[in-house]
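Novice: pasting the sequence and the predicted model now:
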2 protein chains.
Amino acid sequence: MKETDEKCNCEGCELKSLFFSNIEAYEIERICRIKIEKSFKKGEIILKEGDEITNFIYLKSGMVKLHRNLSTKKDQIINITKLFDFISLFSVFSETKYNYSVSAIEDSVTCNIKLSEIRKLILENGKFALDLIQKMSKNTDRIILQSLELKQRNLNGRVAFILLYFAKEIYNNLVFDLPVSRKEIGEYINMSTENVIRTFSEFRKDKIINIFGKTIEIIDLKNLEQISLLG
Amino acid sequence: MKETDEKCNCEGCELKSLFFSNIEAYEIERICRIKIEKSFKKGEIILKEGDEITNFIYLKSGMVKLHRNLSTKKDQIINITKLFDFISLFSVFSETKYNYSVSAIEDSVTCNIKLSEIRKLILENGKFALDLIQKMSKNTDRIILQSLELKQRNLNGRVAFILLYFAKEIYNNLVFDLPVSRKEIGEYINMSTENVIRTFSEFRKDKIINIFGKTIEIIDLKNLEQISLLG
DNA sequence: CGCGGCTTTGATGTTCATCAAGTAAAGTGG
DNA sequence: CCACTTTACTTGATGAACATCAAAGCCGCG
């Protein structure tokens, strides 16, 4: 992890319009001085279960996974998310310690602002508060709904669902590199690594997808969508 | 459903300290005039998937289930929750229509406030906004964590977990009446009705619980907790 | 270049859903 | 209040879905 703490550069930040659309210039100045940007290499842990919650964190670039430790061998992945989605999803305003970890699955940059400052902004700036509620709401919504969708599906359906999630929501492309291992996909959609691989292989035999290592190409989108719906 | 729209009685409402702790007296007056209380009999639908979201709703008394329709025969239960937990959990600030339904599983009373008024309060009253964020955060947290806990468990573990949830979180008692049918428990913890019953019977044979129809008595708490942990 | 983690396939066994069939309980209409 | 219907509950038997175990090839990395 590396801290990038140069001069104030929020004015040019691509997140400004999203996150700060309702903040006055002088407030941005203040935030800019106190915010800290941190860079993480692929694989690095951004925050760990049990860590004190002191900062409001959001993802400026890269991709991360939210996960929980189940045992020495097993992890449970809560969500895989990219650019513009907050990392500080839940817990932040209701707990004192994180009950999940966040790891970079691609080189990532986070912007960190002291929670006390965010609290101050909420207290002083109603538009900001409303904006924040909407954005956090949208994110927790997404996680809950995805979890509900996944758990009603069988193995084929779950694999199809998650491939479509990567293709449509994350990469906007029918060809993409899986950002995670087979094992991690299993931890995400709650099935064994072997069966993730087996299902991949079946889909390949059925000419639904092509597989080149981590690269996935969706050939028969209609079919995959059907499997996701019915499975 | 029956609307109770008498004189303003928010001053004496037991929710005041929870929900309105940071609202000035004159604001409570305003809310009181526009709020609508509704009563629902056990089994009645409070709101339905696809309904326009126009009100912020919270549960004044009773118990409800949040659920989604999967097919004509199958429902998926998202959460069973009681007094003081908001009904308007997610969606409210990020969607225009509900993507879940809420039904009363006991006679219930809700308090309904126009969303536009809640928005106004957020904009004008920072303390209220912060309070609201914390409360909503806590609720969505609980749902996500419970879902994660449930899905890592096998059948025995899931049944043990949910029995402990009812005993500890909902009723604060080792003896309680199940507020839902075996079928609904299955829809909640993602298993077939038959296996819910089978597991209940096993627990009874193993002298972990007693069953008298809907009434459950936890006899061997330690054992049940162990099953919930290991299962 | 060798070690450990990732990937792949096959074989085996367990867990669980589904089907079937019967009993009990709870509504419902005369 | 009683016959009737429906819904909830219960147990056993069967088979499908899935995890686990085993073994071997592969790749990246120190």
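Specialist: Now that the structure is in, tell me what you want to look at.
Novice: so what are the domain limits for chain A?
Specialist: A:2-143, A:152-230 (automatic domain parsing).
Novice: off-centre distance for the shortest one?
Specialist: Yep, that's domain A:152-230 we're talking about. 18 Å (C-alpha atoms, centre = their mean, to the nearest Å).
Novice: is it anywhere near DNA strand D?
Specialist: Yes - counting by C-beta under 7 Å from any atom of the strand, DNA strand D has neighbours in domain A:152-230: A:154-156, A:190-192, A:194-195, A:213. All C-beta spots, glycine's among them, are computed from the backbone N, C-alpha and C.
Novice: which of the residues you listed come close to chain B?
Specialist: Checking the residues of domain A:152-230 next to DNA strand D against chain B by C-beta under 8 Å from any C-beta of the partner chain, the ones in range are residue A:190.
Novice: out of the residues of domain A:152-230 next to DNA strand D, which comes closest to residue B:209?
Specialist: Checking the residues of domain A:152-230 next to DNA strand D against residue B:209 by C-beta to C-beta gives residue A:190 as the nearest, at 27.4 Å.
Novice: quick check on that closest one: phi, psi?
Specialist: Main-chain dihedrals, residue A:190, degrees, to the nearest 10: phi 60, psi 60.
Novice: tell me how many other residues surround it.
Specialist: Other residues lying near residue A:190 total 17 when counted by other C-beta atoms under 10 Å in any protein chain shown.
Novice: leaving out chain neighbours, which residue sits closest to it?
Specialist: Sequence neighbours aside, residue B:151 is the residue nearest to residue A:190 in space, at 5.6 Å (criterion: C-beta to C-beta, 6 or more residues apart in numbering or on different chains).
Novice: any idea how far the spatially most central residue of chain A lies from DNA strand C?
Specialist: The centroid of chain A falls nearest to residue A:81 when counting by C-alpha atoms, centre = their mean (2.0 Å). According to C-beta to the nearest atom of the strand, to the nearest Å, residue A:81 stands 20 Å off from DNA strand C.
Novice: ok, now which ones touch that residue?
Specialist: Residues counted as contacts of residue A:81 (C-beta atoms under 8 Å, 6 or more residues apart in numbering or on different chains) are A:59, A:63-66, A:87.
Novice: recalculate using a threshold of 10 Å.
Specialist: For residue A:81, the contact set (C-beta atoms under 10 Å, 6 or more residues apart in numbering or on different chains) comprises A:59, A:63-66, A:87, A:89, A:102, A:105, A:139, A:142-143, A:169-170.
Novice: can you check residue A:192 too?
Specialist: A:155, A:182-183, A:186, A:198.
Novice: out of the residues you listed, which are close to DNA strand C?
Specialist: Within the contacts of residue A:192, those near DNA strand C by C-beta under 7 Å from any atom of the strand are A:182-183, A:198.
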